[in-house]
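A.B. asks: predicted structure and sequence below. I'll ask about it afterward.
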Amino acid sequence: MGQHSDPDSPPRRRPYKRPAEDDLQDDLPQPYNANSLQAPKRRAISPSEQPRKQKRPGARARFSEAEREAIRQRQLERDRQAAEAVQAADASKIRGINDVVREHYNSVPQRGRDWRTRESKIKGLRVFNNWVKSCIIQRYSPDEDHDPGSREAGRSSGKELLVLDIGCGKGGDLSKWQQAPQPIQLYVGLDPANVSIEQARDRYRQMGTRGGRGGRGGRFNHRQPPRLFDARFHVKDCYSESIEDVEIIRQVGFDPSTMNRRGFDVVSMMFCMHYAFESENHARTMLRNVAGALKKGGRFIGCIPNSDVLGERVRVFNAQLAAKRKAKEDEKKENGEESTTPTATPPPAEPEDGEVEEGEAEPTAEWGNSIYRVRFPGKTPEDGVFRPAFGWKYNFFLDEAVEEVPEYVVPWEAFRALAEDFNLELQFHKSFSDIWETEKDDPELGPLSERMGVRERGGGRLLVSDEEMEAASFYIGFCFYKV
Ligand SMILES: C[S@@+](CC[C@H](N)C(=O)[O-])C[C@H]1O[C@@H](n2cnc3c(N)ncnc32)[C@H](O)[C@@H]1O
């Protein structure tokens, strides 16, 4: 590890085999773009421009050649400048969105466990979401051939997992990984929010001083806590950059092809993948990072907002809007007034700061309850089907947690199809409410829900309010396999 290891991580227990030089994939060259190198089209020369007499034809030919070359060079320079301007505009747009998200998460205060589980207005939602994440980790992180009884019996199944947590935030899932059925050898957390990464490091250090156990009373609280895994944390934007340049990622093995025999056993993306659907480019970069980091047979788990819920809400909103408009039109017709039905227009752009919108603004899709709110700033598809698949921005507000941060719809089928392009095959996909229904009586996960405060002891009352459950139903959990 040498100079690349984190200074505050504990010493490595088992060294990662450094890949041979030729194991590392070279950056692919940019595809050759014939257009950008084409000479400019020649302008037709008018009769008045034609030289009357060619005394020295050779000299004219040499002069024209030089002139053509000068024109070509000037044109190339103009093309280069135009391309640079477009790139700069794209980069500043992307930076703008990334900055908003990063600043937001950096500024969310770190509150203690007691506050989160006792004082918070949304404590029911917090514990429920945490329980669902535990379910996904418990069910889908182990290898197919892992013996589930081995850890319970205090035996080791031999194989320990390498886990990559993309968008790890403040390290809220560290303790869930510490209690995973198959022990973890290495956990790598990546996130662009530098303050969050510092907080995740602190959390990991505290786990070390508590003797390896994450959180109070977990699944294995009745016996010796499992040894604390090795962990690395890095500030990294995983949607607009390749993660291949992170040393530990390369050491574990990065290769997006199906040949990756090395790599992580699990890549986890909890509540963070939707930020990548701002553009196709970001979504593809994100998936290339996931597939590149996973070994063949590895699992990609996570949770995202449910595009079916978003689509249905949008469809109903638009149907109601159309009905209201029609009723207004009918009334006008009856009164002999002229029709003012607006013609279909593309989604209106959000006004810039200080810009005053003319006329009455069209209402846009919006819903929620006292703890969460979703608001689309622009026009949404009438049938609730998000086409094209990228850039469907909405603002999401969650009491105490997320203050109107721009998020993007992840149209499920488009995501699934894109994931297939990266050799990721769907294994599991379920809404949070369905996960509750299927797992609440499981002999392990049921009691876990009671210890976490999702429901009262002894299979009692659900401690999550209806409003919190409505907010939770906004999400789905998933698992893909790298084939
Ligand atoms: C709602 S938080 C979830 C944190 C954590 N996964 C959890 O479940 O507690 C969303 C996280 O996504 C991260 N994120 C946003 N854009 C990202 C990007 N481009 N690459 C990686 N993570 C990103 C944010 O910084 C934030 O920490």
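C.D. replies: That came through fine.
A.B. asks: where do the helices of the stretch 301-450 of the chain begin and end?
C.D. replies: Assigned by DSSP state H, counting those that start in this stretch, the helices in the stretch 301-450 of the chain fall at 307-334, 412-421, 432-439, 445-452.
A.B. asks: for the stretch 301-450 of the chain, give me the ranges with low pLDDT.
C.D. replies: Along the stretch 301-450 of the chain, the model assigns pLDDT under 70 to residues 338-360, 402-403.
A.B. asks: what residues does the chain have near the ligand?
C.D. replies: By the rule Cβ under 6 Å from any ligand atom, the part of the chain lying against the ligand is 101-102, 105, 166-169, 172-173, 191-193, 196, 237-239, 270-272, 275. Every C-beta, even on glycine, is put in place using the N, C-alpha and C of the backbone.
A.B. asks: which among those residues count as buried?
C.D. replies: Those of the residues of the chain next to the ligand that meet the buried threshold are 101-102, 105, 166-169, 172-173, 191-193, 196, 237-239, 270-272, 275, by 16 or more other Cβ atoms under 10 Å.
A.B. asks: coming back round to it: out of the helices of the stretch 301-450 of the chain, nearest to Thr258?
C.D. replies: Across those, Thr258 has its closest neighbour in helix 412-421 (11.9 Å, Cβ to Cβ).
A.B. asks: name the surrounding residues that touch that closest one.
C.D. replies: Here helix 412-421 makes contact (Cβ atoms under 8 Å, 6 or more residues apart in numbering) with 277, 283-284, 287, 300, 304, 306-308, 386, 389, 425-426, 429, 476, 480.
A.B. asks: buried ones only from these, please, as a ChimeraX command.
C.D. replies: In ChimeraX, a selection of the buried entries from the contacts of helix 412-421 looks like this (16+ other Cβ under 10 Å):
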select :277,283,284,287,300,304,306,307,386,389,476,480
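A.B. asks: which one among the contacts of helix 412-421 gets closest to Gln73?
C.D. replies: Closest to Gln73 out of those is Arg284 (35.2 Å), distances taken as Cβ to Cβ.
A.B. asks: which residues touch that closest one?
C.D. replies: By Cβ under 8 Å, 6+ apart, the neighbours of Arg284 are Leu418.
A.B. asks: likewise for the one 10 residues further on?
C.D. replies: Residues in contact with Leu294 (Cβ under 8 Å, 6+ apart) are Asn260, Gly263, Phe264, Asp265, Val266, Val267, Phe300, Leu424, Lys482.
A.B. asks: which stretches in this protein count as strands?
C.D. replies: 161-166, 184-191, 230-235, 264-270, 294-305, 366-368, 372-375, 393-398, 402-408, 424-431, 475-482 (DSSP state E).
A.B. asks: of all those strands, which lies closest to Ala327?
C.D. replies: Closest among the strands of the chain, once you apply Cβ to Cβ, is strand 366-368, at 20.3 Å.
A.B. asks: which neighbouring elements make contact with the closest one?
C.D. replies: Contacts defined by 3 or more Cβ pairs under 8 Å, 6 or more residues apart in numbering; DSSP states H and E place strand 366-368 against helix 307-334, strand 372-375.
A.B. asks: comparing the ones you listed, which comes out most buried?
C.D. replies: With neighbours taken as mean count of other Cβ atoms under 10 Å, the helices and strands packed on strand 366-368 reach their highest mean count in strand 372-375, at a mean of 18.
A.B. asks: can you name every helix or strand that that strand contacts?
C.D. replies: strand 366-368, strand 393-398.
A.B. asks: parallel or antiparallel, list what pairs with the shortest one.
C.D. replies: Each strand paired with strand 366-368, and its direction, by DSSP bridges: strand 372-375 (antiparallel).
A.B. asks: what does the strand it pairs with contact?
C.D. replies: 310, 313, 364-368, 394-399, 404, 470-471, 474.
A.B. asks: what's near enough to touch the nearest residue to Leu190 once chain neighbours are set aside?
C.D. replies: Spatial nearest neighbour of Leu190, excluding adjacent residues (Cβ to Cβ, 6 or more residues apart in numbering): Lys236 at 4.3 Å. Lys236 makes contact with Leu190, Asp191, Pro192, Ile243, Val246, according to Cβ under 8 Å, 6+ apart.
A.B. asks: contacts only, for the residue of the stretch 101-250 of the chain found nearest the ligand.
C.D. replies: Minimum separation of the stretch 101-250 of the chain from the ligand (Cβ to the nearest ligand atom) falls at Gly169, amounting to 2.8 Å. Gly169 sits next to Tyr105, Asp191, Ala193, Ser196, Ala200, Cys272 when contact means Cβ under 8 Å, 6+ apart.
A.B. asks: switch the cut-off to 10 Å
C.D. replies: Tyr105, Val108, Gly189, Asp191, Ala193, Ser196, Ile197, Gln199, Ala200, Met270, Phe271, Cys272 (Cβ atoms under 10 Å, 6 or more residues apart in numbering).
A.B. asks: now the last one: phi and psi?
C.D. replies: The one in question is Cys272. Phi and psi for Cys272, reported as degrees, to the nearest 10, are phi -140, psi -10.
A.B. asks: so it touches Asp191, yeah?
C.D. replies: Yes - the pair Cys272 / Asp191 is scored as a contact, 8.1 Å apart, by Cβ atoms under 10 Å.
A.B. asks: pLDDT added to the contacts of Lys236, as TSV?
C.D. replies: Supplementary listing: the contacts of Lys236 in TSV, determined by pLDDT from 0 to 100:
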residue	pLDDT
Leu190	98
Asp191	98
Pro192	97
Ile243	98
Val246	98
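A.B. asks: return the per-residue confidence for Arg299.
C.D. replies: pLDDT recorded at Arg299 is 98.
A.B. asks: scratch that, Lys159
C.D. replies: 89.
A.B. asks: residues contacting the spatially closest residue to it that is not a sequence neighbour?
C.D. replies: Leaving aside its sequence neighbours, Lys159 sits nearest to Asp143 (Cβ to Cβ, 6+ apart; 6.2 Å). Counting by Cβ under 10 Å, 6+ apart, Asp143 touches Ser157, Lys159, Leu161, Gln182, Asp265, Val266, Gly297, Gly298, Arg299.
A.B. asks: now intersect the residues of the chain next to the ligand with the helices, please.
C.D. replies: Here DSSP state H is the test, and the residues of the chain next to the ligand give Val101, Arg102, Tyr105, Ser196 as lying in helices.
A.B. asks: can I assume the third one is in contact with Cys272?
C.D. replies: Which is Tyr105. Yes - counting by Cβ under 10 Å, Tyr105 touches Cys272, with 9.3 Å between them.
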